[in-house]
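**Q** Predicted model and sequence follow; I will ask about them next.
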Amino acid sequence: MKILFFTNSQNLNLGSYRIWINDLNAYFNECGIESAIISKDTNIDDHDAIICGKSDAGLAIEMKRKFPNKKVGVINLAADKKNLPLDFVIAGSLEEMDSLSHYDNVFLYPLIEKTYQNKMDYKTHSPVDTLRIGFHGHYPHLSKFEPSLKNALEKFNDICKIELLVITGNPEFKWKYGRPNVDIVHKPWSLETIKNDLLSCDIGIVPNVTYLNTENLPTSIDRGLYNTDYILRFKNKSNAGRCFVFHQLGIPIIADFTPSNFHILGDLKSGFVAHSENSWFKALMKLRDHKLRQKVADNAKMEFDRLYNPHDWATRLYKNILEINNE
């Protein structure tokens, strides 16, 4: 089976293109799977499966109309797009897979960035006078600092000198919700500088879930509802991709209760998960020790390499597509 990636945009600054098309195409070929990205001289007739980009559902429908016998799919499809004539969709997390379960074939390919797979790009931790704590990602995630992470950082800053590095694709945004009162450095996300910017960090933080007030909620023993319950809100496309980058680079992390985060962090050796102010603060306090930072980062890298070998995942995806019966 030969695979063709077909998209209207080949912009490496877009994570969906960079990871699920550019990088995945490279991994397919490294595994001996014939794969190509559309170009002017590409013969579509020569390919058996067509994978379209995140924003190319319309293009995928057109491809399926023109080539009904080919297997056609879309990466990272919006969950509200239902009943499209697709043979498969590709999701980046278990959370996203569930939201797309109205399709017959939903396949998982995690956000494994080739940019960070070079073993030479790995941080060695040493004592520092100022701990640099790093955030990277889409700027709306910064609102998820509110309230627990914000309060924990401010409390930690009273004990240990810190600097918060914020890397986003929109450096002109106005941070309205959850901004902590600590020293903050803003840098734009750039493919040319992101790796070195992240390697300058001592600790990575990955907030994602939205805090919901649990006061005055109804309780019921019969229904198993208690005033100590967790209530979490997060996007259907939530994934561990921002954690992965820190794991790949050797930076220990504290992440929130997003389900995918637990696959690596749940062993209690490879990082910390936090939800309350106390848990964020206690994790920060532990990671003051550069020796522990190194140990935690090394454990996480070992688990990442074991669980997220890109060639294993690319081969698994290929087999999933190959086994589709679209007749």
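**A** Alright, I've got the coordinates. The model shown is predicted, which means the values in this text are computed figures rather than measured ones.
**Q** hey, let's count contacts and neighbours off CA atoms from now on
**A** Will do.
**Q** How many residues are close by residue 69?
**A** Burial of residue 69 is recorded as 12 neighbouring residues (other C-alpha atoms under 10 Å).
**Q** Let me see the backbone angles for it.
**A** Here is the backbone geometry of residue 69 (degrees, to the nearest 10): phi -90, psi 0.
**Q** What's the end-to-end length of stretch 127-144?
**A** End-to-end distance for stretch 127-144, by C-alpha to C-alpha, to the nearest Å: 29 Å.
**Q** Start at 729, not 1
**A** Done: numbering now begins at 729, and the last item shifts to stretch 855-872.
**Q** pLDDT averaged over that stretch - what is it?
**A** Per-region confidence: stretch 855-872 scores 96 on mean pLDDT.
**Q** before we move on, what about stretch 902-920?
**A** Averaged across stretch 902-920, the pLDDT comes to 95.
**Q** ranges for the strands of the stretch 829-978 of the chain?
**A** Shown for the stretch 829-978 of the chain, the strands assigned by DSSP state E, counting those that start in this stretch span residues 834-836, 859-864, 890-896, 912-916, 931-934, 938-939, 960-961.
**Q** With mean neighbour count and distance to residue 806 added, can I get those in TSV?
**A** What follows is the strands of the stretch 829-978 of the chain, written out as TSV (neighbours: other C-alpha atoms under 10 Å; distance: least, C-alpha to C-alpha, whole Å):
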stretch	mean neighbour count	distance to residue 806
strand 834-836	21	13
strand 859-864	23	23
strand 890-896	21	23
strand 912-916	15	27
strand 931-934	26	23
strand 938-939	18	20
strand 960-961	12	18
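**Q** now those strands in JSON lines, with distance to residue 954?
**A** What follows is the strands of the stretch 829-978 of the chain, written out as JSON lines (distance: least, C-alpha to C-alpha, whole Å):
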{"stretch": "strand 834-836", "distance to residue 954": "34"}
{"stretch": "strand 859-864", "distance to residue 954": "34"}
{"stretch": "strand 890-896", "distance to residue 954": "36"}
{"stretch": "strand 912-916", "distance to residue 954": "38"}
{"stretch": "strand 931-934", "distance to residue 954": "28"}
{"stretch": "strand 938-939", "distance to residue 954": "17"}
{"stretch": "strand 960-961", "distance to residue 954": "15"}
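**Q** Please name whichever of those strands is nearest to residue 950.
**A** Closest to residue 950 of the strands of the stretch 829-978 of the chain is strand 960-961 (C-alpha to C-alpha; 21.8 Å).
**Q** What lies in contact with the closest one?
**A** Outside strand 960-961, the residues within contact range by C-alpha atoms under 8 Å, 6 or more residues apart in numbering are 937, 938, 939, 940.
**Q** Excluding residues flanking it in the chain, which one is nearest the third one?
**A** Pointing back at residue 939 there. In this structure, residue 939 finds its nearest non-sequential neighbour in residue 960, 6.7 Å apart by C-alpha to C-alpha, 6 or more residues apart in numbering.
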